[in-house]
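[1] Quick one, fold the following:
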Amino acid sequence: MAARIDHTTTSGTFSLDGQTFDVDNNVWVVGDDAECVVIDAPHDVDAIRELVGDRTVRAVLCTHAHDDHVRVAPELAAAVGAPVLLHPDDMVLWRLTHPDREPDGELTDGQVVQVGGVGLRVLHTPGHAPGAVCLHSPELGVVFTGDTLFAGGPGATGRSYSDFGTITESIRDRLLPLPEDTEVRPGHGESTTIGAVRTHFDEWVARGC
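    This next block holds a predicted model:
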């Protein structure tokens, strides 16, 4: 049973700093026919459970704790019997959405989450959020970047708990060294590659986006 990546998109809202926006979020599920992990749990438990099917869910992995990435994480965890894991530096954001429910465990830099015969290595990439992480699978040739990196540039840094210099440093130091054919699977929008990102990175930094 070879590991694979399943994907769906769910729609909802993102709220922070007194403003609310409509958003479409990618949900990535990594595993084989027997077990999987869910990367982010934004808006729709039923859509995620349909993607999972009858597999055992080993964990719900949160790339960061903005509400459009963790809104249904506790509900999903209860439904599938899996722990919610989050980098501890993002607890300040988690508590804005779930003040009465803690995550079940932590994601730490360098940690490797094993599922379906492949590993997902946790890369702490602050900037969009203090506890933002990316998840790199060398075996699958993929990095799941949440809102740290998109096909069009770094994630947004115009809101609370974010910083442009920090996010560009995270991308430069933690993501650009990955093999250039590594696929970048973000939290919103289309995928790209590390090679394509390298081509445009200095331009993005120069224009501050």
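[2] Output the contacting helices and strands for the helix or strand encompassing Leu85.
    Leu85 is part of strand 84-86, with elements assigned from DSSP states H and E. Contacts defined by 3 or more CB pairs under 8 Å, 6 or more residues apart in numbering; DSSP states H and E place strand 84-86 against strand 56-61, helix 73-80, strand 105-106. All C-beta atoms are positioned from the backbone trio N, CA, C, and that covers glycine.
[3] what lines up beside the helix or strand that the shortest one is followed by in the sheet?
    Looking back up the chat, that one is strand 105-106. Downstream of strand 105-106, the next assigned helix or strand under DSSP H and E is strand 112-115. Partner strands for strand 112-115, per DSSP bridges, with pairing direction: strand 118-124 (antiparallel).
[4] Average pLDDT for the strand it pairs with, rounded please.
    Across strand 118-124, pLDDT averages out at 98.
[5] and what of stretch 192-202?
    Here stretch 192-202 scores 96 as its mean pLDDT.
[6] List the contacts of that stretch.
    With contact meaning CB atoms under 8 Å, 6 or more residues apart in numbering, stretch 192-202 is reached by 143, 149-151, 153, 171-172, 175-176, 178-184, 186.
[7] Pull out the buried residues from those.
    Among those, those buried by neighbour count (16 or more other CB atoms under 10 Å) are 143, 149-150, 153, 171, 175, 178, 182, 184, 186.
[8] From these, which land in strands?
    Under the assignment DSSP state E, the buried ones among the contacts of stretch 192-202 contribute 143, 149-150, 153, 184, 186 to strands.
[9] Those: which two are farthest apart?
    Using CB to CB, the pair of those lying farthest apart is Val143 and Gly153, separated by 15.7 Å.
[10] Now the lowest-mean-pLDDT helix or strand in the chain - C-alpha only, PDB.
    Within the chain, no helix or strand scores below helix 194-207, which has a mean of 94 by mean pLDDT, DSSP states H and E. Provided in PDB are the C-alpha atoms of helix 194-207 (Å, rounded to 0.1, in the frame of the first residue of the first chain):
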ATOM      1  CA  ILE A 194      10.800  25.100  -4.700                       C
ATOM      2  CA  GLY A 195      12.700  25.700  -8.000                       C
ATOM      3  CA  ALA A 196      10.000  28.100  -9.100                       C
ATOM      4  CA  VAL A 197      10.100  29.900  -5.800                       C
ATOM      5  CA  ARG A 198      13.900  30.300  -6.000                       C
ATOM      6  CA  THR A 199      13.500  32.000  -9.300                       C
ATOM      7  CA  HIS A 200      11.200  34.700  -7.900                       C
ATOM      8  CA  PHE A 201      12.200  34.900  -4.300                       C
ATOM      9  CA  ASP A 202      14.500  37.900  -4.400                       C
ATOM     10  CA  GLU A 203      11.900  39.800  -6.500                       C
ATOM     11  CA  TRP A 204       9.300  39.100  -3.800                       C
ATOM     12  CA  VAL A 205      11.500  40.300  -1.000                       C
ATOM     13  CA  ALA A 206      12.500  43.500  -2.900                       C
ATOM     14  CA  ARG A 207       8.800  44.500  -3.400                       C
END
